[in-house]
Every structure is written in C-alpha cells, then in structure tokens.
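J.: Next one to model:
(one chain, ligands or ions: 1)
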Amino acid sequence: MEGQPSMLLQAASAFHPPPGKKITYGTAGFRADATILSSTVFRAGVLAVLRSLKNGGAAVGLMITASHNPVGDNGVKIADPGGGMMAQSWEPFADALAGAATAEDFVEIVLVFAAKEEIPIGRLEKSEVLLARDSRPSGATLIEAAKMGIASVAGAVAIDMGILTTPQLHWMVRQRNRGWGSSEMDYFLQLSNSFRSLIELSGEEPMASGYDPVLLVDAANGVGGGKLKELVKLLGAGIEIHVRNCGEEGEGLLNEGVGADFVQKEKTIPHGFTAQDTGKRCASLDGDADRIVYFTIRANDENKVDLVDGDKILSLFALFISEHLAIIADADDEKEDKKTKKKTLGVVQTAYANGASTEFLREMGVAVALAPTGVKHLHAMAAQYDVGIYFEANGHGTVLFAPGFLTKLQDLANLCSGTMREKAARTLLAVSEVVNQAVGDALSGMLLAEVILWHRGWSMQDWASLYQDLPSRQLKVKVANRNAVSTTESETRVVDPPGLQDAIDAETAKYNAGRSFVRPSGTEDVVRVYAEASTQAAADALAASVALHVSHYLSA
Ligand code: G16
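T.: Numbers count the residues shown, from 1 in each chain. As a prediction, the model looks like this:
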C-alpha cells in the first residue's frame, strides 16, 4: 500500500478496538468508559476529516466529552459545518468505522466509503477540524488520539481550541464557516451584548417586581462553571450570579450528586446547596454545559427541590416569543400564512415532556411536534418553522430562527422606526443573538430565561405556576442487552420484545391519567422507564411495575 492508504494503516495500527465490546454511535455520539475509547476517538478523528472533505473543506467540530455521564466515562460528539450534530445519514458509517476489527478493515471501510461518496481523500484538499474537550482528566490523552486520526489524512488540519463547553465548540464551528468571529471572546461578547440589549429593550423593571437579581448556579463540577464566571464579568449590573460546583479542590466529582441530570431525575438538592438557599432561584448545568434546569429548595423538606425543567423553560420562551410575534404580525402576514400554510412559531418536545406542558402550549395556540429523544431529532424539526423552539425535559434546547425570517425582522425594524413593532422586531433579533442557534446551550439559555423573568417581574413561583406538572417518575433498568428494545411512534410504543408493550398498556390502564413508555438509552447502558400519573405515589408505582416488566422481558 502506498500514499494515503499506507498513512491511514500505519496510524490506525497503533490503536486497537476493545476486544468483545461494541462501541456504537448513540444519542449524541460515542460514549463509553474512557479507558477503552482511544481507538474510537482516533477513528472519529478520521470521520471528522471525511465530513469536512465531503463539505468542501468547511470546518467540522470534534468534542471530547461524556456530558452527563460519570467522570470515568468519556466520548465524542461531532459538529457538522452548520454547527448542529453530525448528519444522521452518516451514523451507520460511524458505527462501521468504530466497529472495524482490525486496522486493515478500518482502512478498507474508509476507502470504500470515500469512493462511494466521492470524497477526495488523499488529494491534499483542504479540510479542517476544530477540536475541544471538557474538563474530564481522560480528555487530555484522548484528544491526542483524535489529532493522530486527523493527521492520518493528507492535508487535514486540526485546530485545538482547548477546554470548552460543547455548545461553545458548536457555536465556533457555525461562526467560522460563516466567516464570522469565532473566538471564545467573540462568544462571550455576543452573549453578553445581546443580553444587555434585551434588558435595554425591555425598558424599566415592572413595578412590584418579584424578580430576585440573585441566581445560584450548580455547575456540576464540570467545564461550565469557569466559563460562566468569565461570562458574568461582562454582564453588567442587574444580575448577580453565584457559581458553585466548578470542579475546584474540595468541591466533589463531576456529575456526582450534582448537575442538571441529577437534579432533574432525582429532584434532590445538589451538593454545595443547603437549606439556607431555600426559596432562592437556582439552576443546574450538566458536565459539558449543554443542559440547564432551574429549581428552588423546598421549605421544610430539606432534601427535595421544586423543579423547573426544560418543559417550563420552553413554555417561558414560547410565551415571550409569541407575545412579540403577535406585536409584529399584521393582516398581510396572516394572509400569507394561510396561503403557504407555514406556521411562524412551532415547538418540539419528546415523549418525556410532561403532559401538562404540552397541554399548556397547545392552549396557547402553539403548534407542538413530537420527536424521538436526541437533540439531532428535535433540531431538525424545529428548523422547519420561522421560529422553532425545541426542548427536552432534561434541559437540552434552544430557539432557531430561519434566515429569511431574520431578514424580515431586520427590514421591519428599519421600516417601523419608533413604533412598538420596531421594538418587538429588535427584541426578537436580540433573542436570536443571545441563544446559541447551533445547539442547546446552558449559558445562553440561562441568559434568555433571566431576561424574560426580569422583563415580566417574575419570581420562581410565578414561573413554576405557569402550569402544574403531572407527577412523574423516571427509572433506569440495567439489562443484558438494552438494544433488544426497539420502539416506534417517537419512542412511545415498544415493538420489540413482543409482549412488552401489552404489559405496559395493562399497567398504565390501572392509573388515572397514567402514561408510561420505555426506550433504550443511547448514552448509558440502561433501559429508561418513564411514568406519569395523577399522584406521585401512582407515578412511582406505575414506573416500578413497568421496570419489573422490562427486567422480566429482557432477562437472559
Ligand atoms: C444526550 C443528548 C440528549 C439526550 C441525552 C439522554 O445528552 O444530547 O438529546 O436527551 O443524551 O439520552 P439517552 O436517554 O439516550 O441516554 P448529553 O447531555 O448526555 O449529551
């Protein structure tokens, strides 16, 4: 073998896939115990270069992170040139690459795929991969494996952006490919400037405002804490953010008893927070800061929190945005909408969305679509609207603005100078800047939530009482092979193993307002169970009985 094939083979021969363990491309990329990941990460480096070559050399992102997983795990997320997750059509190829048993097999898979897809590998054509990692100790070695993968393709350039949050890297990829400023400082300035614009556009704080300028943030002992502290320096007066669980000496382990996943699933106070924080507005990020949930600590119930999850963040955003869309709408717009049947505002949720949130949004008159779990699914559906908001209950989400709609807003702002419509259009333009349109971003989502609460003069109680959540429970079931479960209808119905769905239906029928579904996790080695019912005891009982059926149907 000569040239490119030989370069690939030589480099790939230094990495061996873990024997007897299949690492697949899951909900958000590859994820596994960090000690068995180096071959997968090396191969993901090659994959990212091929993605770049396929897109004419545009920058692609490769993030080393395992997000909400324990500190011993790690993983890879790949950002496409637009800043979103890697195209799903490439996932089977990603699986084949990771699963190739030998270096020779790996090279053959690469070359066959490149020939089929007409990817100019080995011709020294421009290709670029932006790399970053979160704060996990294993990231330092793994990023070197990714660099070796990138270097094994002739002409490919790796740019190491250092330690970042996942959304920062996605944002940088999107910016760079548009020829816009893409440094970390550009990111902080865009968020802080648009935050301050939104505050100015909101005018005076409402009389008798219930908004408390103090916000306590649990940063999951991950990468988000330090980044948030940098951002806070640029926000100016009016908000006082205290960051805890930044992963500093004595603060504890990444994602252990802290962070958005813990708070949302356990509804329990994270480490670093005490009864003294009762009643304060608190928020939790996850390990790579692409999720956020809010909470307050319950009085007289020291361990428990009242959760304001992704569904309520989505509802808050939808209220604010639809209010502003209503101001700018005119008779012509309505006619046009009827003609094209295009909805201006739409929201996307998953089956995990609390039933009460979906009802609240529908009552608001907003179109609600259901997607399977995973930002990649929600993002694609939200992109079909002029303004699309997507959120998973676990706190992943953002707001997308169609490029044509942004132009329309800009024109309107210029035409209607001095009117309410101008102000509303400028507010929506600033919203499009404060949110990270590449992917859900805890820091940017937090700024938008804060602006809206400030604008409405709302306390956490005001926000929480938008609607009353139906009691729910989530459980994880460890099984021999989670992939023996397959689902349909946006993960709400089980197809395999046969009989399991009937058992779930029979259990659900026993409960008032009961709803339950199960699905294999794409990030952890478990089957997830979700149950909702009219009381907490009933939701707990339904989840427990469905979990037993899962264990039974998947045993042996
Ligand atoms: C990732 C995905 C999310 C998904 C979550 C859990 O989040 O980006 O869209 O909700 O995994 O997925 P699963 O239920 O399949 O384990 P993160 O924050 O872990 O990257």
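
J.: who's in contact with the residue sitting nearest the centre point of the chain?
T.: In the chain, the C-alpha closest to the average C-alpha coordinate belongs to residue 396, at a distance of 3.7 Å (CA atoms, centre = their mean). If you count contacts by CB atoms under 8 Å, 6 or more residues apart in numbering, residue 396 has them with 290, 291, 310, 375, 378, 440. C-beta: built from backbone N, CA, C; applies to glycine.

J.: Model confidence for the first one, exactly?
T.: Same thing as residue 290. Listed pLDDT for residue 290 reads 97.

J.: Next, give phi and psi for it.
T.: The phi/psi pair for residue 290 (degrees, to the nearest 10) reads phi -110, psi 10.

J.: Looks like it contacts residue 443 (just checking).
T.: No - the criterion here is CB atoms under 8 Å, and residue 290 misses it with residue 443 at 9.6 Å.

J.: So which of these two has more stuff around it?
T.: residue 290 (32 against 25; other CB atoms under 10 Å).

J.: And that one, how close does it get to residue 165?
T.: Applying CB to CB, to the nearest Å, the value for residue 290 to residue 165 is 7 Å.

J.: so what sits against both of those two?
T.: Common neighbours of residue 290 and residue 165 (CB under 8 Å, 6+ apart) are 441, 442.

J.: How about the residues of the stretch 401-550 of the chain by the ligand?
T.: By the rule CB under 6 Å from any ligand atom, the part of the stretch 401-550 of the chain lying against the ligand is 521, 522, 523, 524, 528.

J.: Alongside the ligand, which residues does the stretch 201-350 of the chain contribute?
T.: So far as CB under 6 Å from any ligand atom goes, the stretch 201-350 of the chain lies against the ligand at 286, 290, 291.

J.: same thing but at 8 Å, please
T.: Contact residues, the stretch 201-350 of the chain versus the ligand (CB under 8 Å from any ligand atom): 260, 261, 286, 287, 288, 290, 291, 350.

J.: quick revisit: list residues touching both of residue 290 and residue 443?
T.: Joint contacts of residue 290 and residue 443 (CB under 8 Å, 6+ apart) are 165, 167.

J.: what's the burial count for the closest residue to the ligand within the stretch 101-250 of the chain?
T.: Going by CB to the nearest ligand atom, the ligand is nearest to residue 166 of the stretch 101-250 of the chain, at 7.1 Å. Using other CB under 10 Å, residue 166 has 32 other residues around it.

J.: how about the nearest residue to residue 22, chain neighbours excluded?
T.: residue 99 (6.0 Å; CB to CB, 6 or more residues apart in numbering).

J.: Next, the one you found: phi, psi?
T.: The phi/psi pair for residue 99 (degrees, to the nearest 10) is phi -90, psi -10.

J.: so what's it up against?
T.: The contact partners of residue 99, taken as CB under 8 Å, 6+ apart, are 17, 22, 23, 24.

J.: Is the first one in contact with residue 97, as I believe?
T.: If I follow you right, that is residue 17. No - counting by CB under 8 Å, residue 17 sits too far from residue 97 to count as a contact (10.1 Å).

J.: now the helices for the stretch 151-300 of the chain?
T.: Secondary structure of the stretch 151-300 of the chain by DSSP state H, counting those that start in this stretch: the helices cover 166-177, 184-202, 224-232, 260-266.

J.: Could you look over those helices and pick the most buried one?
T.: Of all those, helix 166-177 carries the top mean neighbour count, a mean of 26, counting by mean count of other CB atoms under 10 Å.

J.: how many degrees apart are that helix and helix 224-232 in direction?
T.: 60 degrees (axes from the mean of the first three to the mean of the last three CA atoms, to 10 degrees).

J.: Kindly report the residues of the stretch 51-200 of the chain close to the ligand.
T.: Within reach of the ligand by CB under 8 Å from any ligand atom, the stretch 51-200 of the chain has these residues: 65, 66, 67, 68, 69, 77, 85, 166.

J.: Could I get these in TSV, plus columns for secondary structure?
T.: Listed next are these as TSV, based on DSSP: H, G, I helix; E, B strand; the rest coil:
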residue	secondary structure
65	coil
66	coil
67	coil
68	coil
69	coil
77	strand
85	strand
166	helix
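
J.: From those, pick the one nearest the ligand.
T.: Nearest to the ligand among those, with distances taken as CB to the nearest ligand atom, is residue 67, at 3.3 Å.

J.: what's around the closest one, how many residues?
T.: Neighbourhood size, residue 67 [other CB under 10 Å]: 29.

J.: hang on, isn't it packed against residue 27?
T.: No - counting by CB under 8 Å, residue 67 stays clear of residue 27, with 9.9 Å between them.
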